[in-house]
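Undergrad: Could you work out the structure for the sequence below:
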Amino acid sequence: GMTMPLKTLLLNPPSFENFDGGASSRWPATREIESYWYPVWLAYPAGLLEGSRLLDANPHHVSAQETIKICKDYEFLVLFTSTVGWEGDQRLAEAIKAANPSIRIAFVGPPVTTSPDKALNECSALDFICRREFDYSVVEFAQGKPLNEILGISYKQDGKILHNPDRPQVEDLDAMPWATKIYKRDMDVTRYNVPFLLHPYIALYSTRGCPAQCTFCLWPQTLSGHAWRKRSTDDVAAELAWAKQNFPDVKEFFFDDDTFNIQKARTIELCEKLKPLGLTWSCTSRVTTDHDTLKAMKEAGCRLLIVGFESGDPQILKNIKKGATVERARAFAKDCNDLGLTVHGDFILGLPGETKESIRNTINFAKSLDVETIQVSIAHAYPGTEFYDYAKANGFIVNTQAMSDTGGHQMAHIEYPGLPTDYVMEMVHRFYDEYYFRPKAAFRVVWKAFVNRDLPRLYVEAKAFLKLRAQRNKMVKDVRSHKADPPAPIKAGA
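TA: Numbering: from 1, shown residues only. Next up is the predicted model:
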């Protein structure tokens, strides 16, 4: 029969900022309320490899030291790296190899896709890296296929870097194992908490890839690609029926697709199959989704949509190739409101063409949409995106090192003429304040907690929000007072 594959550990790595092997390698408790997304990408190869384990270190509070110890029992390590965690991940890999010299190590994820040479030159512990989708690349290696025959990988041989031909994208998604089976096997779902989702929640994908061409978005340009592929609606419904039985305490299922409801016919077909399951679910959505589709979603148990509004400035929406307009966004928000669908809106300040005036437009636009919750980010130009190439070519990138300050808060690293970075930071702060300290919005947050009988969580989150607010305030003041050098980067998982 088949020989057993290499004993494989799929790792979403722990923070490793100031690892000296001493006291500081303890779990870094920075926030009272910990917010985590699922490492869904690692779940597929984990499901394809017998004897494997998926270790999501941070939510399970597994320190770097413990991780190194766990790796002693494995023959092959697959580590999902991120732009922010890159330095620490390299050092971790080297420490793992020192403790277990025979272990083979592969890195996967955006940074090694965009800069494979840099990765292989900087990190001596790497046996190879996988570019883009890595499901079958790592499985083939674990099953004993020689490096020179595995598509989509890069590796060093006799000091020279070799790039094997690209791997075609996975087309048959129904052949993939169910991520939820790996959560059941390897993870504690109560460890995952996203403030605007019900707790506990479970995340899964029903599609891969995103046909949209937004210039700032990391995933389609580095990992999932622009080719949109979908699971059959039967396969998705079957997985959710299984998950409902196996996770009786889970309150919400979240479709983490780049774009869940891009194709009306498929969305409506899937909704028909989800309806009898009586689940509560949520998903990402584009503002182009029409009223009929939203209605079908609501009737099938959809509670919340995560929507990237990004900007309230028409020109910026054109600049980032979002394929959406301010008018369409307003109509969409009204439809959701009429149907009783909750909306979590994402906004980004500092996209190409941003001015003081366009920032004001976006804040006013957000208030007029009046969605339930918002997240405001500073535009980050991740290597591998069109936005990065644009910012670099125009000399707008100011601090290449710092993605986040030591507290893990996002730091601006793009500066346009006439728009200082500290002004943009200050406006992120003001955006939140103006949004949430309106009587209407504040009342809604409190009322919701009463209705859901979840006052303890409200208390913890309000405390965390106010603490974060105080830190943001202090940061803005510090930057103003001495225009300090940005602090060293820390791991926050991209």
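Undergrad: looking at the protein, which helix or strand does the model trust least?
TA: In the chain, the helix or strand scored least confidently by mean pLDDT, DSSP states H and E is helix 218-222, which has a mean of 60.
Undergrad: quick one: Tyr423 from Tyr416, how far?
TA: 10 Å (C-beta to C-beta, to the nearest Å). Bear in mind the C-beta positions are built from the backbone N, C-alpha and C, glycine included.
Undergrad: cool, and Thr373?
TA: Distance from Thr373 to Tyr416, by C-beta to C-beta: 28 Å.
Undergrad: Please state the mean pLDDT value computed over stretch 435-442.
TA: Here stretch 435-442 scores 81 as its mean pLDDT.
Undergrad: now swap in stretch 139-153 and tell me
TA: Here the average pLDDT along stretch 139-153 is 97.
Undergrad: what does that stretch rub up against?
TA: Residues outside stretch 139-153 that contact it (C-beta atoms under 8 Å, 6 or more residues apart in numbering) are 3, 5-6, 8, 45, 48-49, 52, 76, 104, 106, 127-134, 137, 155, 157, 162, 164-168.
Undergrad: contacting residues for Pro45?
TA: Per C-beta under 8 Å, 6+ apart, neighbours of Pro45: 8, 10, 52, 78, 134-136, 138-139.
Undergrad: Work out for me the element it sits within.
TA: For Pro45, the host element (DSSP states H and E) is helix 40-48.
Undergrad: Pull the CA coordinates from that helix and hand them back as CSV.
TA: Provided in CSV are the C-alpha atoms of helix 40-48 (Å, rounded to 0.1, in the frame of the first residue of the first chain):
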residue,chain,number,x,y,z
VAL,A,40,-8.2,28.4,6.4
TRP,A,41,-5.5,28.1,3.7
LEU,A,42,-3.5,25.7,5.9
ALA,A,43,-6.5,23.5,6.5
TYR,A,44,-6.6,21.9,3.0
PRO,A,45,-3.1,20.4,2.9
ALA,A,46,-3.7,19.3,6.6
GLY,A,47,-6.8,17.5,5.4
LEU,A,48,-4.9,15.8,2.5
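Undergrad: Just the buried residues out of the contacts of stretch 139-153, in PyMOL syntax.
TA: Selection of buried members from the contacts of stretch 139-153 for PyMOL, criterion 16 or more other C-beta atoms under 10 Å:
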select buried, resi 5+6+8+45+48+49+52+76+104+106+127+128+129+130+131+132+133+134+137+155+164+167
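Undergrad: excluding its backbone neighbours, what's nearest Arg191?
TA: Leaving aside its chain neighbours, Arg191 sits nearest to Pro59 (3.9 Å; criterion: C-beta to C-beta, 6 or more residues apart in numbering).
Undergrad: Neighbours of the one you found, how many?
TA: 20 (other C-beta atoms under 10 Å).
Undergrad: Is it correct that it falls within a helix?
TA: No. Pro59 is assigned coil when assessed by DSSP: H, G, I helix; E, B strand; the rest coil, not a helix.
Undergrad: what's near enough to touch it?
TA: 34, 36, 188, 191-192.
Undergrad: Now do it against Met187, distance only.
TA: From Pro59 to Met187 the distance is 8 Å (C-beta to C-beta).
Undergrad: Next: Leu466.
TA: From Leu466 to Met187 the distance is 31 Å (C-beta to C-beta).
Undergrad: Wait, Asp89 touches Val108, no?
TA: No. Using C-beta atoms under 8 Å, Asp89 makes no contact with Val108, being 11.0 Å away.
Undergrad: Pull up the overlap in contacts between these two.
TA: 79, 81.
Undergrad: So which bits of the helix holding Pro45 are buried?
TA: Neighbour-count burial for helix 40-48 [16+ other C-beta under 10 Å]: 40-48.
Undergrad: Same question for stretch 377-396.
TA: Those would be 378-388, 390-391, 396, for stretch 377-396 by 16+ other C-beta under 10 Å.
Undergrad: who touches the one helix or strand Lys184 maps to?
TA: Lys184 belongs to helix 179-186 when assigned by DSSP H and E. Residues from elsewhere that reach helix 179-186, judged by C-beta under 8 Å, 6+ apart: 38, 40, 43-44, 46-47, 53-56, 189, 202, 204-205, 239, 242-243, 246-247.
Undergrad: Of those residues, just the buried ones, PyMOL syntax please.
TA: Buried members of the contacts of helix 179-186, defined by 16+ other C-beta under 10 Å, are picked up in PyMOL with:
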select buried, resi 38+40+43+44+46+47+53+54+55+56+189+202+204+205+239+243+247
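Undergrad: Sitting in helices, which of the contacts of helix 179-186 do you find?
TA: 40, 43-44, 46-47, 239, 242-243, 246 (DSSP state H).
Undergrad: Closest one of the residues you listed to Ser311?
TA: Val40 (27.9 Å; C-beta to C-beta).
Undergrad: Among the ones in helices among the contacts of helix 179-186, which pair sits farthest apart?
TA: Tyr44 and Asn246, at 18.1 Å, using C-beta to C-beta across the ones in helices among the contacts of helix 179-186.
Undergrad: if we can go back for a sec, just send the contacts of Pro45 back as CSV, with distance to Arg457 and secondary structure too.
TA: As requested, these are arranged in CSV below (distance: C-beta to C-beta, whole Å; DSSP: H, G, I helix; E, B strand; the rest coil):
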residue, distance to Arg457, secondary structure
Thr8, 36, strand
Leu10, 31, strand
Ser52, 34, coil
Val78, 34, strand
Phe134, 36, coil
Asp135, 36, helix
Tyr136, 40, helix
Val138, 37, helix
Val139, 39, helix
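Undergrad: and the host helix or strand of Met475, what does it pack onto?
TA: Assigned by DSSP H and E, Met475 belongs to helix 455-482. Applying 3 or more C-beta pairs under 8 Å, 6 or more residues apart in numbering; DSSP states H and E, we find helix 455-482 packed against helix 421-436, helix 439-451.
Undergrad: Pick the most deeply packed of those.
TA: Of the helices and strands packed on helix 455-482, the one with the most neighbours on average (mean count of other C-beta atoms under 10 Å) is helix 421-436, at a mean of 18.
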